[in-house]
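**Student:** Okay, sequence plus prediction incoming.
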Amino acid sequence: MEEQRNGGRGQRTTPYQEWKRSEGLPEHRGSYVQDLHTAEVANWPRFGQRGAFVSLSDGQRADCYLLEIAPGGETTVQHHLFEASLYVLHGRGATSFWQAPDGKKQTVEWDRGTVFSPPLNCYYQHFNLDGQQPARIFALTNAPPVMNLFRNPEFVFSDRYVFSDRYGQEDDYLSDPGKHLGWRQFRTNFIPDIRAFKLDDYKERGAGGTNMHFALANNSMGGFVSEFPPATYKLAHRHGHGPHVTLLDGQGYSLFWYPGEEPRRVDWKDGTIMVPQAMEFHQHFNTGATNARYLVFSGGGGGESVRTGGRELTATAISVREGGDQIPYEYEDPGIYELFARECAAQGATPKLERPRYADAPAPESPRLTAAMKS
């Protein structure tokens with residue numbers, strides 16, 4: 001069933017899966033990893049450091065890896081025909097980029113919270129500038145469809161074509177502050193600290209939250225970051241396959257479910273990553289004492305799909321009662337709020353979100369909470 005929901009067509013091993021196995025790394029699977037800061041890694045000859053794969057979805061549209069760089073260490077030189085969105089989990093370092101084997105190098109320094117992307121097929125190398133502590137980077141790539149198309153990893157990692165339309169070695173390529181294009185839309189090549197990135201209001205998702213979508217390095221892949229206040233929770237919604245939700249700050253839990261099913265629960269903190277499956281409803285609850293902020297990398301949403309202009313809404317922000325994919329508070333099962341209030345109390349907090357004024361009956365899309373979960 002899960003394979004069908006993710007668009008799977010059987011157990012055939014793909015070229016990407018074959019390559020991944022040949023790398024000999026640990027692979028974290030399932031629907032979440034509790035802490036990317038401490039998740040198991042092992043020697044990765046390709047980078048000359050340590051790493052692991054993080055495969056929390058069907059892995060054929062996008063997939064993830066962890067890279068850990070030893071204190072004072074450096075990676076081998078990389079270049080490849082797939083895009084990679086990078087988030088620095090912890091550590092302090094620098095990355096050099098250059099367009100051809102003998103091209104001029106540009107170097108940018110990074111720290112905890114930095115988000116960036118190596119330009120497509122350029123050469124790059126990471127350095128850990130801290131001689132005492134390791135650095136750890138999380139990456140989402142679209143390597144699966146690229147490798148499955150060409151079916152030749154050597155070509156994917158060795159082709160020398162220069163995508164000058166993606167990266168022209170501009171002097172300000174990495175120092176340009178980027179541009180706010182419109183409501184919740186930003187284009188940039190480098191975000192120094194995603195935890196401090198300025199967001200726009202997003203009342204449509206409830207809880208007084210804020211949000212900003214961004215496109216990196218003119219990639220086809222994109223991402224966004226969201227934040228919402230303590231002792232509140234967001235509206236449940238669903239969407240297509242792909243978003244990888246990584247917690248940056250805060251403490252709480254999320255529920256995931258398909259209509260008619262009991263929800264599964266994931267407790268989260270800084271470093272937790274979760275992936276809702278295709279069209280699986282999910283809802284985030286902040287029971288901590290601070291704002292909760294999370295980063296989402298996805299296999300789409302970059303490039304020309306970044307909008308300019310006004311306050312346009314997609315189906316994920318339109319009520320299921322109106323043909324959309326979001327469940328308004330008043331159509332929730334009352335047990336949702338009861339569970340949230342108990343979890344807040346357990347943390348010594350009082351809900352800031354008022355109890356909803358419920359409609360006559362919950363929407364059929366609302367989850368079925370068992371007696372054990374309600375009590």
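**Tutor:** That came through, no problem. Note that the structure is a prediction, hence the values are computed from the model and not measured.

**Student:** shouldn't L89 be in contact with T38?
**Tutor:** No: counting by C-beta atoms under 8 Å, L89 stays clear of T38, with 9.9 Å between them. C-beta coordinates here come from the backbone N, C-alpha and C atoms, glycine included.

**Student:** shared neighbours of these two, which are they?
**Tutor:** Shared between the contact lists of L89 and T38 (criterion: C-beta atoms under 8 Å, 6 or more residues apart in numbering) are residues G271.

**Student:** Which one's more surrounded, these two?
**Tutor:** A direct count of neighbours by other C-beta atoms under 10 Å for L89 and T38 places L89 higher, at 23 against 11.

**Student:** Check which residues of the helix ranked longest in the chain are buried.
**Tutor:** Longest helix in the chain by number of residues (criterion: DSSP state H): helix 335-346. Neighbour counts over helix 335-346 (16 or more other C-beta atoms under 10 Å) mark G335, I336, Y337, L339, F340, A341, E343, C344 as buried.

**Student:** quick check, nearest of the residues you listed to V77?
**Tutor:** Among these, E343 lies closest to V77 (C-beta to C-beta), at 47.6 Å.

**Student:** Tell me if I'm right that the closest one and Y253 touch.
**Tutor:** Yes: at 6.8 Å, E343 and Y253 qualify as touching, with contact defined as C-beta under 8 Å.

**Student:** Can you pull the residues that touch both of those two?
**Tutor:** The contact sets of E343 and Y253 overlap at F285, T287 (C-beta under 8 Å, 6+ apart).

**Student:** before we move on, back to that, just checking, what packs against the longest helix of the chain?
**Tutor:** For helix 335-346, the packing partners by 3 or more C-beta pairs under 8 Å, 6 or more residues apart in numbering; DSSP states H and E come out as strand 252-257, strand 281-286, helix 371-374.

**Student:** chain center to it, what's the gap?
**Tutor:** Mean-position distance between helix 335-346 and its chain equals 27 Å (C-alpha atoms, centre = their mean, to the nearest Å).

**Student:** what angle sits between that helix and strand 281-286?
**Tutor:** Interaxial angle of helix 335-346 relative to strand 281-286 (axes from the mean of the first three to the mean of the last three C-alpha atoms, to 10 degrees): 20 degrees.
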